[in-house]
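J.: Give me the fold of what follows.
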Amino acid sequence: MGKNKKIKNQHKIIVISGPSGAGKTTLIRKVVKRIPTLAFSISATTRPIRKGEREGVDYFYISEEIFKRLIESDSFIEWAKVHGNLYGTLKYHIDELIKREKNVVLDVDEQGAHQIKEKNIPAILIYILPPSIEELEKRLKKRKSELTKEMKKRLENAKEQILSKGFYDYVVINDDINKAVEELKDIINEYIKNEEEIG
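T.: From the prediction side, this is the model:
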């Protein structure tokens, strides 16, 4: 409870969600480079590490047993099961970013976004969309790591997520990467500025 209070009072949280293939990670990395006070929160996951990924850079890779222990000890701000794997935002990692006086960007799915809202943690919620389901399908097909069955499941999940996007404060359509980066940057800058003025 104490840690949640610290998170609530001392920094701004920017929650970004969207279906696989919408380009969230690329957008977040580009925006973090353009806003000096911003830091990307690295999630913990039970998903196996993929080629080209690095521990502590892309994710904190842990076993399902350890993940479940962390759930029991209330070590996550939010966590969810997505496509058969567990993902979560560790409180201690957020605390480290707080010490560096950073505003924090979280890349979480809708389950995580709902948990953050339910806990009354002040945050802005932004949803990233590809220009169309057809475009999303094209992007997923280009990923060598995607299996046909898995791709179909992700597309169905994406359709459901898109239908419920009204839960979010903003929706950014990633049809042009440069335009989407600018739009996302402006939304975040405005939020940070307004919150500081209120504070």
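
J.: C-alpha from now on. contacts and neighbour counts both.
T.: OK.

J.: Next, the buried residues of the longest helix belonging to the chain.
T.: Ranked by number of residues, the top helix in the chain under DSSP state H is helix 177-198. Within helix 177-198, the residues scored as buried using 16 or more other C-alpha atoms under 10 Å are A180, V181, E183, L184, K185, I187, I188, Y191, I192.

J.: swap in stretch 122-135?
T.: P122, A123, I124, L125, I126, Y127, I128, L129, P130, I133.

J.: Could you tell me which residues make contact with K119?
T.: Not one residue lies near K119 by C-alpha atoms under 8 Å, 6 or more residues apart in numbering.

J.: Over to the one 10 residues further on?
T.: L129 sits next to G18, P19, A22, I162, V171, V172, I173, N174 when contact means C-alpha under 8 Å, 6+ apart.

J.: Test of understanding: give the bridge partners of it.
T.: I173 (DSSP bridges).

J.: same question, N85
T.: Applying DSSP bridges to N85 gives these bridge partners: V82.

J.: per-residue pLDDT, it?
T.: The model reports N85 with a pLDDT of 95.

J.: how deep is it tucked in, by neighbour count?
T.: Residues near N85, counting by other C-alpha atoms under 10 Å, number 12.

J.: next one: L27
T.: By other C-alpha under 10 Å, the residues close to L27 number 20.

J.: which one in the contacts of L129 is the model shakiest on?
T.: The lowest pLDDT within those belongs to I162, with 62.

J.: Show me the residue sitting in the middle of this structure in space.
T.: By C-alpha atoms, centre = their mean, the chain has its centre lying nearest to D107, at 0.9 Å.

J.: Contact partners for it?
T.: Going by C-alpha under 8 Å, 6+ apart, D107 touches V15, I16, S17, K24, T25, S41, S43.

J.: Identify all contacting residues around the host helix or strand of the second one.
T.: This means I16. Applying DSSP states H and E as the criterion places I16 in strand 13-17. With contacts defined as C-alpha under 8 Å, 6+ apart, strand 13-17 is touched by 24, 103-110, 113, 122-128, 188.

J.: At which residues are the strands of this structure located?
T.: For the chain, the strands defined by DSSP state E occupy 13-17, 38-40, 44-45, 60-61, 76-82, 85-90, 103-107, 123-129, 170-173.

J.: Which among those strands is found nearest to G52?
T.: strand 60-61 (13.8 Å; C-alpha to C-alpha).

J.: mean pLDDT lowest for which of the strands of the chain?
T.: strand 170-173 (a mean of 87).

J.: and that strand, what does it pack onto?
T.: strand 123-129, helix 177-198 (3 or more C-alpha pairs under 8 Å, 6 or more residues apart in numbering; DSSP states H and E).

J.: could you redo the last one with a cut-off of 6 Å?
T.: Packing contacts for strand 170-173, counted by 3 or more C-alpha pairs under 6 Å, 6 or more residues apart in numbering; DSSP states H and E, involve strand 123-129.

J.: For the residue nearest to the centre of the chain, list each beta-bridge partner.
T.: Beta bridges link D107 to I16, judged by DSSP bridges.
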